[in-house]
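[1] Just a sequence and a predicted model for now, questions to come.
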Amino acid sequence: MRRILIFIAASMGFVASPLTAEAPSDSVDTEICEGCEALLDLALSHSRRAGDRARDEWRHPAETLAFFRIRPGMTVVDVMPASGWYTRILVPYLGKDGHYIGLNPDPAPANSEGLTKYLGGLREKFPAAAANWQLQGAPVEAYNTNELPEDLDGTVDRVLIFREMHNLHRNGLLHAELNQYRDLLKSGGMLGIVQHRAKPWAPAGYVTGNKGYMRQQDIIGLVEAHGFDLVATSEINANRRDTADYPGGVWELPPVERTKREELKAIGESDRMTLLFRKRP
């Protein structure tokens, strides 16, 4: 009974321990692999991240990548890499034996012309942008899912989705993309998600993705329905000061601060769920 109560409390965001849920048969390793901590420290401290580092306080990259069990030499897919905040960490950390793949959704089903333009052409645009960052480490490739080489299926160690589940969901892309991520992953490969977290009692109209927030129990249900098993949750990226109920959504908080409300600056970035799933056999 005690374990059941702990799991329920964790799923509702009331338990603040680093690991709040764990599959009974799984042991979640949250430590950086032996000899890898120095490599990650180098990636995090490099001068190219001077403009990124202010976000480390809220995004906890070292702890997050450890929770997702990212190791040098892995093949990692970074979903919707945008401006490359995590790219500039992952590429040097994965090293020359690793493989970094930026991946945008297939732009064809997108529900607006602007979104289609934003999503499209990643294969041409993103490696060129990464070259300007002068990253040394893993080779960088990028695709939209509709142009992925077939020989990548079953070769990926990790698929990572940082604060993009709401965009996939609200644009009707989530079903097709989750199926694609599952195909890409090796047997036993894992999917890591960081997402702005709504309160468990948030009304359905607030968690469609248009406010940026989604309920943790909904994310878990959606992902599990697409052939994944929840391994563990973490409170690494939790922020209890975030009320997650702003009329303008998550973008009222830093770093966007769309409404410029001074009282919201002290809250910091959003409260976030951090979830780890394994591809189901």
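    Sure thing, it's come through. Residues are numbered from 1 along each chain as shown.
[2] which residues does the closest residue to Ser270 other than its chain neighbours form a beta bridge with?
    Nearest non-adjacent residue to Ser270, counting by C-beta to C-beta, 6 or more residues apart in numbering: His196, 4.5 Å away. Just so you know, the C-beta spots here come from the backbone N, C-alpha and C atoms, and that holds for glycine as well. Beta bridges link His196 to Arg272, judged by DSSP bridges.
[3] Any figure for the gap between Pro247 and Tyr206?
    10 Å (C-beta to C-beta, to the nearest Å).
[4] same question, Arg215
    Relative to Tyr206, Arg215 is positioned 9 Å away (C-beta to C-beta).
[5] what's the overlap in contacts for those two?
    Jointly contacting Arg215 and Tyr206 under the rule C-beta atoms under 8 Å, 6 or more residues apart in numbering are Ala198.
[6] quick one: which of those two has more around it?
    Using other C-beta atoms under 10 Å as the criterion, Arg215 and Tyr206 rank with Arg215 on top: 23 against 18.
[7] So what does the more buried one have for phi and psi?
    According to degrees, to the nearest 10, the main-chain angles of Arg215 amount to phi -80, psi 140.
[8] quick one: it and Pro200 touch, right?
    Yes. If you go by C-beta atoms under 8 Å, Arg215 and Pro200 touch, sitting 6.0 Å apart.
[9] ok, and the closest non-adjacent residue to the residue nearest the centre of the chain?
    Most central residue of the chain, judged by C-alpha distance to the mean C-alpha position with C-alpha atoms, centre = their mean, is Phe162 at 2.3 Å. If the residues on either side of it in the chain are set aside, Phe162 comes closest to Val194, at 5.0 Å by C-beta to C-beta, 6+ apart.
[10] Kindly report the same for Arg280.
    For Arg280, the nearest residue in space outside its immediate sequence neighbours is Gly227; the separation is 4.8 Å by C-beta to C-beta, 6+ apart.
[11] Assess the claim that the one you found and Pro281 are in contact.
    No. Taking C-beta under 8 Å as the contact criterion, Gly227 and Pro281 are not neighbours in contact, 9.3 Å apart.
[12] And the two? Which one has more around it.
    Taking other C-beta under 10 Å, Gly227 and Pro281 do not tie; Gly227 has more neighbours (17 against 7).
[13] thinking again about what came up before, my guess is the residue nearest to the centre of the chain contacts His196, does it?
    No. The pair Phe162 and His196 fails to qualify as a contact (C-beta under 8 Å) at a distance of 10.7 Å.
[14] residues in contact with stretch 200-212?
    So stretch 200-212 is in contact with 11-13, 165-171, 196, 198, 213-218, 244-246, 248-251, 270, going by C-beta under 8 Å, 6+ apart.
[15] let's go with 10 Å and repeat that
    With contact meaning C-beta atoms under 10 Å, 6 or more residues apart in numbering, stretch 200-212 is reached by 8, 11-14, 163, 165-172, 174, 195-199, 213-219, 244-253, 256, 270.
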